[in-house]
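Enquirer: Turn this into a structure:
(one chain, ligands or ions: 2)
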Amino acid sequence: MRISVIGCGYLGATHAACLAELGHDVLGVETDPRQRALLASGELPFHEPGLDTLLATHVASGRLRFTDSLAEAAAHADLHFLCVGTPQRRDGRGADLAQVDGAVEGLAVHLDRPAYVVGKSTVPVGTAARLARRVAELAPAGADAELVWNPEFLREGHAVEDTLRPDRVVIGVDTHRPEGEGLGGKVLRELYAPLEDAGVPVLVTDLPTAELVKVSANAFLATKVSFVNAVAEVCDAAGADVVALTEALGHDVRIGKRFLSPGIGFGGGCLPKDVRAFGHRAGELGVASMADLLGVVDDVNLRQRSRTVAAATAMLGGSVTRARIGVWGAAFKPGSDDVRDSPALAVASALQARGASVAVYDPAARETGRRMAPDLDHVGSALDAARGADLLLHLTEWPEFAAADPVAVGAAVRRPLLLDGRTTLDPAPWRAAGWTVRGLGRR
Ligand SMILES: NC(=O)c1ccc[n+]([C@@H]2O[C@H](COP(=O)([O-])OP(=O)(O)OC[C@H]3O[C@@H](n4cnc5c(N)ncnc54)[C@H](O)[C@@H]3O)[C@@H](O)[C@H]2O)c1
Ligand SMILES: O=c1ccn([C@@H]2O[C@H](COP(=O)(O)OP(=O)(O)O[C@H]3O[C@H](CO)[C@@H](O)[C@H](O)[C@H]3O)[C@@H](O)[C@H]2O)c(=O)[nH]1
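Expert: Ligands and ions are numbered 1, 2, ... in the order given. Predicted coordinates for the structure are as follows:
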């Protein structure tokens, strides 16, 4: 099929390259000139395992091209995926839909034959129905320009495998169309037929249900993380060990082991903003239960950052002023160079603001980290971060850190104090090498 993908950031670049991999002729639309130029030359502007090769291969084959023109997109294809950003509003109240509105309106005026606009961005419930009306109003093709919603569940660091082998595909269709459900659902089912044939469940819902599946999934994941972090705080108060506890908890198949890792909390370009936007929207709809629940989830999450700063301060005897602190990790999670709302950088910056001198090392996020937090010293290796440190913080659980030699690192630091903000390092070899090791909720 001829397809356009509008907005080629983390989600759109992945979706465009994976559609090209599935054999489609894809035109990516991206307004950021630097991002577009890199993509058009086959170079990935961010770190995502496996995506660099897919992009380079399909740009070279000509199956994947990029433009800044929505008119060109409308001429190229009848199927348009909307992958623009929905960041948190500056006033913190809900999602900023300016990119979505801009892209939909900019595209719709060029739709002069039957076409399908497929929303993938994460939006507050009710947005899709509003956009469906707007598309039909603005498009020269009128009601033949149809909007469907197909939320995306990929994780950064696993974006390619999550796109090519998702847990499920959700297709929200406009059940209020005069002639019934329209053709959009059918066209998408056809597109996803290879996945469905491979056993991926494809679920067709109405528009608001599709929007809500997405934000409910993220809200549930965030709640799980905040729950375990609240348990970790109880462990601290009661002298229990949260790592041993979660190991035992996770054996219950109803709970499961995944998304049960305690530590400095969730960050990134999705969970924090989506939890806030969903809570805000629930409040607008008068559903206090969800608004209140997600408010607590957010508060518990942010509390992990201040608890980490407090734990670091306590390990240094009550003050971090003039202490040298080495930080391992800047990305919001391993496998990514994304530092949007990164708990690691938030903790590092808070310690520096309290008078410490902080050196940060991240295997992939050195440049993005430097841009986001230019006041920190972004160094080139794990040992460089540790050199001369009074305290070492492990804040993003890259495999490189788990493989580090505690003896060699011990020889680099000034004092062998380790705070494991992800509770994933095995403390035994560190303690054997003379380190004092602490972790939130961990003995
Ligand atoms: N990042 C993820 O892992 C992920 C996963 C699932 C869902 N989502 C959702 O997908 C959406 C995009 O997320 P992202 O992380 O890729 O954001 P992003 O900010 O990295 O990418 C958005 C891109 O859209 C471009 N853009 C904005 N307006 C445009 C327009 N009119 N025409 C063309 N390009 C335009 C921007 O320049 C930017 O490059 C969000 O709603 C997000 O919540 C993201
Ligand atoms: O047990 C855990 C699991 C995760 N995290 C943290 O939670 C955050 C989010 O992790 P993850 O969900 O793996 O990353 P994302 O790439 O942001 O993916 C989430 O957000 C995407 C955008 O909406 C969705 O598509 C995905 O399904 C959803 O998992 C990161 O800071 C992790 O360190 C924990 O603290 N403990």
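Enquirer: what about the strands in the protein?
Expert: Applying DSSP state E to the chain gives strands spanning 2-6, 25-29, 64-67, 79-82, 115-119, 145-149, 169-173, 202-206, 324-328, 357-361, 377-378, 391-394, 417-420, 436-439.
Enquirer: how deep is V215 tucked in, by neighbour count?
Expert: V215 has 24 neighbours, counted by other C-beta atoms under 10 Å. In this view, the C-beta of every residue, glycine as well, is placed from N, C-alpha and C.
Enquirer: same thing with the one 10 residues further on?
Expert: Per other C-beta under 10 Å, the neighbour tally for V225 reads 21.
Enquirer: who's in contact with it?
Expert: By C-beta atoms under 8 Å, 6 or more residues apart in numbering, the contact list for V225 reads 259, 261, 265-266, 271, 301.
Enquirer: Just the closest of these to ligand 1, please.
Expert: Distances from ligand 1 to those, taken as C-beta to the nearest ligand atom, are shortest for L271 (9.7 Å).
Enquirer: Was I right to think that closest one contacts K224?
Expert: No: the criterion here is C-beta atoms under 8 Å, and L271 misses it with K224 at 10.7 Å.
Enquirer: Between these two, which is the more surrounded one?
Expert: Set L271 next to K224 and count neighbours by other C-beta under 10 Å: L271 wins out with 21 against 18.
Enquirer: one step back: same list, the contacts of V225, but as JSON lines with pLDDT and distance to M372 please.
Expert: Converted to JSON lines, the contacts of V225 look like this (pLDDT from 0 to 100; distance: C-beta to C-beta, whole Å):
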{"residue": "F259", "pLDDT": "96", "distance to M372": "25"}
{"residue": "S261", "pLDDT": "96", "distance to M372": "23"}
{"residue": "G265", "pLDDT": "98", "distance to M372": "17"}
{"residue": "F266", "pLDDT": "98", "distance to M372": "17"}
{"residue": "L271", "pLDDT": "98", "distance to M372": "17"}
{"residue": "N301", "pLDDT": "98", "distance to M372": "19"}
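Enquirer: Those also near ligand 2: which ones?
Expert: Near ligand 2, judged by C-beta under 6 Å from any ligand atom, the entries from these are 259, 261, 265-266, 271.
Enquirer: For A143, state which of those is nearest.
Expert: Distance to A143, by C-beta to C-beta, is smallest for L271 among these, at 36.5 Å.
Enquirer: ok, back up a step: go through the contacts of V225 and flag which are in helices.
Expert: 271, 301 (DSSP state H).
Enquirer: So stretch 317-332, near ligand 1 or not?
Expert: No: Stretch 317-332 is not in contact with ligand 1 by C-beta under 6 Å from any ligand atom; minimum separation 10.6 Å.
Enquirer: Buried residues, that stretch. List them.
Expert: Buried positions in stretch 317-332, judged by neighbour count with 16 or more other C-beta atoms under 10 Å: 320, 323-332.
Enquirer: near ligand 2 too, which of those residues?
Expert: Restricting the buried residues of stretch 317-332 to those touching ligand 2 (C-beta under 6 Å from any ligand atom) yields F332.
Enquirer: of all the buried residues of stretch 317-332, which comes closest to T122?
Expert: Nearest member of the buried residues of stretch 317-332 to T122, counting by C-beta to C-beta, is F332, at 16.3 Å.
Enquirer: In this protein, where's the longest helix?
Expert: helix 207-238.
Enquirer: average pLDDT for that helix?
Expert: Here helix 207-238 scores 97 as its mean pLDDT.
Enquirer: Next, the buried residues of it.
Expert: Buried residues in helix 207-238, counting neighbours by 16+ other C-beta under 10 Å, are found at 207-215, 217-219, 221-233, 235-236.
Enquirer: Check whether that helix comes near ligand 2.
Expert: Yes: residues of helix 207-238 contacting ligand 2 under C-beta under 6 Å from any ligand atom: 218, 221, 225.
Enquirer: Most widely separated two among the ones next to ligand 2 among the contacts of V225?
Expert: S261 and L271, at 13.6 Å, using C-beta to C-beta across the ones next to ligand 2 among the contacts of V225.
Enquirer: So which other helices or strands are in contact with the worst-scoring helix or strand of the chain on mean pLDDT?
Expert: Least confident helix or strand, the chain: helix 184-191 with a mean of 92, by mean pLDDT, DSSP states H and E. Helix 184-191 sits against strand 115-119, strand 145-149, strand 169-173, strand 202-206, with contacts defined as 3 or more C-beta pairs under 8 Å, 6 or more residues apart in numbering; DSSP states H and E.
Enquirer: Next, the angle from that helix to strand 145-149.
Expert: Helix 184-191 runs at 70 degrees relative to strand 145-149, counting by axes from the mean of the first three to the mean of the last three C-alpha atoms, to 10 degrees.
Enquirer: who are the neighbours in contact with the residue nearest to D112 when sequence neighbours are not counted?
Expert: Excluding its sequence neighbours, the residue lying closest to D112 (C-beta to C-beta, 6 or more residues apart in numbering) is P140, at 4.1 Å. Counting by C-beta under 8 Å, 6+ apart, P140 touches 109, 111-112.
Enquirer: try H47
Expert: Applying C-beta under 8 Å, 6+ apart, the residues near H47 are 335-337, 364-365.
Enquirer: If we use 7 Å, what do you get?
Expert: H47 makes contacts with 336-337, 364, as judged by C-beta atoms under 7 Å, 6 or more residues apart in numbering.
Enquirer: Give me the distance between the closest residue to ligand 1 within the stretch 201-350 of the chain and V125.
Expert: Nearest residue of the stretch 201-350 of the chain to ligand 1 (C-beta to the nearest ligand atom) works out as G269 at 4.5 Å. G269 is 20 Å from V125, where distance means C-beta to C-beta, to the nearest Å.
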